[in-house]
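Chemist: Prediction below, plus the sequence it came from.
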Amino acid sequence: MSSLIEDYALLSDLETAAMLGRDGSVDWLCLPRFDSPACLAALVGTADNGFWRVAPLGATGVCTRRSYRRDTLVLDTEWETAAGTVRVTDLMPPRSQHPCLVRVVEGVSGAVTVRSELRLRFHQGRIIPWTRRSERRSVAVAGPDAVWLGTDGPVTDRGADGSTVSDFTVTAGRRLTLTLVWAPSHRSGPPAPLDVPAETALKETGDFWRHWTAQCRYQGPWREAVVRSLITLKALTYAPTGGVVAAPTTSLPQRIGGERNWDHRYCWLRDSTLTLSCLLRSGYREEATAWLGWLVRAVAGDPAHLQAVYGVAGQRLLPETEAPWLPGYEGSRPVRFGNAAMSQSQLDVHGEVLDTLCLSLRAGIDVPPHVWSLAKSLMGHLQAHWREPDQGLWQVRGPARQFVHSKVMAWVAADRALRLGALLGAEVPGSWGTMRDQVHGQVCRYGWDAGARSFVQAYGSSRLDASALLLPGLGFLPARDPRVRDTVRAMGALAHGGFLHRTSDGSPTGPEGASVACSLWYAEALAAVGEPGRARDAFERVLAIRNDVGLLAEQWDPDRHRQLGNAPQAFSHLALVETAFALRDAPRPPR
């Protein structure tokens with residue numbers, strides 16, 4: 001069985017990622033990209049679906065301690081045994097050519113025998129590769145994939161039960177490096193990263209991350225958490241295009257044993273403004289510009305075909321399939337690859353795109369010359385369709401509805417298009433202002449529930465939705481408006497154990513966990529309406545549920561004190577950074 005979700009640490013080379021448990025096992029790895037088929041898939045299966053464990057021989061539990069090296073994505077894991085102490089340092093050097101996972105085993109004291117066991121299973125944990133060995137290297141091949149395993153020491157591999165196993169002893173001050181590299185199977189000979197000395201890989205990788213984090217502009221009481229979240233967001237960025245994946249994993253459940261298991265290895269337009277704002281505020285203009293470039297390329301074409309989610313290169317086809325050979329995380333089936341949300345109708349994405357374009361222009365980022373044509377095209381489509389129902393922010397898989405958040409984002413689209421026109425000195429159609437006023441009036445009339453004294457999830461519904469907490473931040477209503485204050489007060493009904501659920505919706509498959517992002521929105525909204533003490537308490541509750549290396553999943557189970565959903569989740573870490581800025585900068589009420 002795989003470890004707890006919160007037991008996993010993240011490694012990344014800015015094009016793909018590995019998930020490494022506290023037991024020393026890499027249980028998830030897709031090569032060569034985030035959205036490629038997994039070759040280690042024990043995370044959503046069993047050991048038979050692929051893993052790579054490096055740990056003291058005979059160790060059955062978790063490590064003694066572990067931590068990222070300060071301001072880096074280099075992970076040190078230590079094991080104390082009766083024979084001595086050993087340290088394993090894991091890293092993925094930022095890619096120059098081929099993806100590479102490096103595991104440096106170092107003796108701290110005594111003499112410890114360590115076992116490396118690599119069980120590769122290509123094509124989503126399904127295909128057993130052919131393996132051949134030569135000197136201190138072995139290569140496993142299946143279809144288009146070849147994975148090379150090399151070492152810089154006198155280690156002998158052996159085949160055992162479908163795995164490549166090696167045992168070796170390290171004494172104090174001695175170390176041995178294991179290097180795993182992917183390359184196309186048609187390539188002849190081992191790829192160059194196998195020959196890179198461990199000292200070089202460690203120094204260059206550490207220097208890269210320390211130089212990057214030194215650019216962070218946040219100074220405040222939660223700097224450590226902010227920096228770790230920013231590192232995580234950088235790690236989830238596909239460097240060739242600038243796209244940011246929602247998470248590096250698929251099918252980690254929102255309810256253990258349930259079927260709400262989705263593939264998050266893609267880029268959501270929902271995250272676009274939050275991503276840009278977070279990067280710009282934190283001092284990462286280059287990354288913000290790259291994200292904008294990804295966004296503009298991804299949405300090119302007919303606005304009628306605008307999607308909620310795209311691939312890391314901007315691809316539109318993300319067909320959703322199921323993997324019946326994988327039993328799922330703790331039996332949570334089905335395991336899905338691809339995401340059917342690509343075909344859903346989500347009107348809010350027009351507002352996200354226009355809000356991002358407007359923010360970019362105001363920040364002085366060079367926007368493409370056709371930005372005004374894009375804005376006019378999006379608005380032309382939205383004017384004809386904003387009254388229609390859709391699947392909403394949470395991508396409801398059921399009948400389309402008149403979701404309040406979608407209508408609010410239609411207002412945002414019109415508002416930001418008008419601002420774009422002013423910034424560009426362009427002629428603005430008068431119908432855009434008319435539409436903005438119409439949407440605003442409709443939402444205030446049909447999205448407000450006088451009995452609940454709150455904005456609700458959809459027209460004609462009394463269900464609450466945490467997305468209403470975004471109203472003041474989007475500029476739809478000021479924080480001083482009584483309806484905003486009442487809505488923030490009403491959202492307390494979504495709280496369980498101090499954390500907010502996304503909605504008050506019931507579900508035939510049982511309750512999901514509380515949303516980390518929504519809990520952070522609540523903290524920010526409390527600060528906006530003048531309750532800084534409660535805001536700080538809500539924020540620090542979220543900080544307390546980060547795992548031992550500072551990572552957050554999508555959701556939290558307040559009863560079982562467990563992380564749920566795909567991890568680490570970009571949406572959660574984006575919200576953490578934005579909330580840290582908001583709480584730091586919030587005006588303090590008069591004494």
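Modeler: Good, I have the coordinates.
Chemist: In stretch 232-240, which residues are buried?
Modeler: If you call a residue buried by 16 or more other C-beta atoms under 10 Å, then stretch 232-240 has these buried ones: 232-239. From N, CA and C alone the C-beta is placed, and that goes for glycine too.
Chemist: I'd like the next helix or strand past the lowest-mean-pLDDT helix or strand in the chain.
Modeler: None of the helices or strands of the chain scores lower by mean pLDDT, DSSP states H and E than strand 158-160, at a mean of 83. Going down the chain from strand 158-160, the next helix or strand is strand 163-171, by DSSP states H and E.
Chemist: Next, the buried residues of that following strand.
Modeler: Applying 16+ other C-beta under 10 Å to strand 163-171 flags 163-166, 168-170 as buried.
Chemist: Mind listing residues that contact that strand?
Modeler: Strand 163-171 has contacts (C-beta atoms under 8 Å, 6 or more residues apart in numbering) with 57, 84, 86, 105-107, 110-120, 131, 138, 140, 149, 151, 153-159, 176.
Chemist: Now restrict those to buried residues only.
Modeler: Buried members of the contacts of strand 163-171, counted by 16+ other C-beta under 10 Å: 84, 86, 105-107, 110, 112, 114-120, 131, 138, 140, 149, 151, 155, 157, 176.
Chemist: In strands, which of those appear?
Modeler: 84, 86, 105-107, 110, 112, 114-119, 131, 138, 140, 149, 151, 176 (DSSP state E).
Chemist: Tell me the one among the buried residues of stretch 232-240 nearest to residue 412.
Modeler: Lowest distance from residue 412 to these (C-beta to C-beta) belongs to residue 233, with 22.9 Å.
Chemist: if I look at that closest one, how far off is residue 518?
Modeler: Residue 233 sits 19 Å away from residue 518, going by C-beta to C-beta, to the nearest Å.
Chemist: returning to that earlier point: save the buried residues of stretch 232-240 as TSV, and put in distance to residue 458 too.
Modeler: Output for the buried residues of stretch 232-240, formatted as TSV (distance: C-beta to C-beta, whole Å):
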residue	distance to residue 458
232	33
233	31
234	36
235	36
236	31
237	34
238	34
239	39
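Chemist: for residue 38, phi and psi?
Modeler: Dihedral pair for residue 38: phi -70, psi 140, per degrees, to the nearest 10.
Chemist: Please compute how far the least confident helix or strand of the chain lies from its chain's middle.
Modeler: Between the centre of strand 158-160 and the centre of its chain there are 36 Å (C-alpha atoms, centre = their mean, to the nearest Å).
Chemist: Sheet partners, orientation included, of it?
Modeler: Here strand 158-160 is paired, per DSSP bridges, with strand 163-171 (antiparallel).
Chemist: Checking residue 39 next. Helix, strand or coil?
Modeler: Following DSSP: H, G, I helix; E, B strand; the rest coil, the label given to residue 39 is strand.
Chemist: just for this protein, where's the confidence low?
Modeler: Within the chain, the stretches with pLDDT under 70 are 1, 135, 505-510, 589-591.
Chemist: any chance you could map the helices in it?
Modeler: Ranges of helices within the chain are 122-125, 198-213, 223-235, 272-282, 285-298, 348-362, 371-385, 404-424, 430-446, 471-474, 482-490, 516-528, 532-544, 570-585, based on DSSP state H.
Chemist: Indicate which one of the ones you listed is closest to residue 261.
Modeler: Comparing the helices of the chain by C-beta to C-beta, helix 122-125 comes nearest, at 13.9 Å.
Chemist: Packing partners of the closest one?
Modeler: Applying 3 or more C-beta pairs under 8 Å, 6 or more residues apart in numbering; DSSP states H and E, one finds that helix 122-125 makes contact with strand 38-40, strand 137-142.
Chemist: Ok, which of those strands comes nearest residue 574?
Modeler: Of all the helices and strands packed on helix 122-125, strand 38-40 sits nearest to residue 574, with 25.0 Å by C-beta to C-beta.
Chemist: who's in contact with the closest one?
Modeler: 18, 26-31, 49-52, 119-122, 124-125, 145, 147, 182.
Chemist: From those residues, which land in strands?
Modeler: The members of those that map onto strands under DSSP E are 18, 26-30, 51-52, 119, 145, 147, 182.
Chemist: And the residues you listed, which two are furthest apart?
Modeler: The most widely separated members of those are 27 and 145, with 18.3 Å between them, by C-beta to C-beta.
Chemist: Who has more neighbours out of those two?
Modeler: Under the criterion of other C-beta atoms under 10 Å, the comparison of residue 27 against residue 145 puts residue 27 first, with 28 against 21.
Chemist: and the more buried one, how far is that from residue 343?
Modeler: For residue 27 relative to residue 343 (C-beta to C-beta), the value is 31 Å.
Chemist: What residues of stretch 2-16 count as buried?
Modeler: Result for stretch 2-16 [16+ other C-beta under 10 Å]: buried residues 2-3, 5-16.
Chemist: got it, and stretch 298-309?
Modeler: 298-299, 303, 306-309.
Chemist: Repeat that for stretch 345-357.
Modeler: Buried residues in stretch 345-357 (16+ other C-beta under 10 Å): 345-357.
Chemist: now it: how far from the chain's centre is it?
Modeler: The answer for stretch 345-357 is 20 Å, by C-alpha atoms, centre = their mean.
Chemist: do the same with stretch 430-439
Modeler: Centroid displacement of stretch 430-439 relative to its chain, using C-alpha atoms, centre = their mean, is 35 Å.
Chemist: What values do phi and psi take at residue 345?
Modeler: Per degrees, to the nearest 10, the backbone of residue 345 is at phi -90, psi 120.
Chemist: In contact with it: list those residues for me.
Modeler: 388, 390-391, 400.
Chemist: quick check, nearest of the buried residues of stretch 298-309 to residue 428?
Modeler: residue 303 (17.6 Å).
Chemist: what's around the closest residue to that closest one other than its chain neighbours, how many residues?
Modeler: Nearest non-adjacent residue to residue 303, counting by C-beta to C-beta, 6 or more residues apart in numbering: residue 381, 3.9 Å away. When neighbours are defined as other C-beta under 10 Å, residue 381 has 18 of them.
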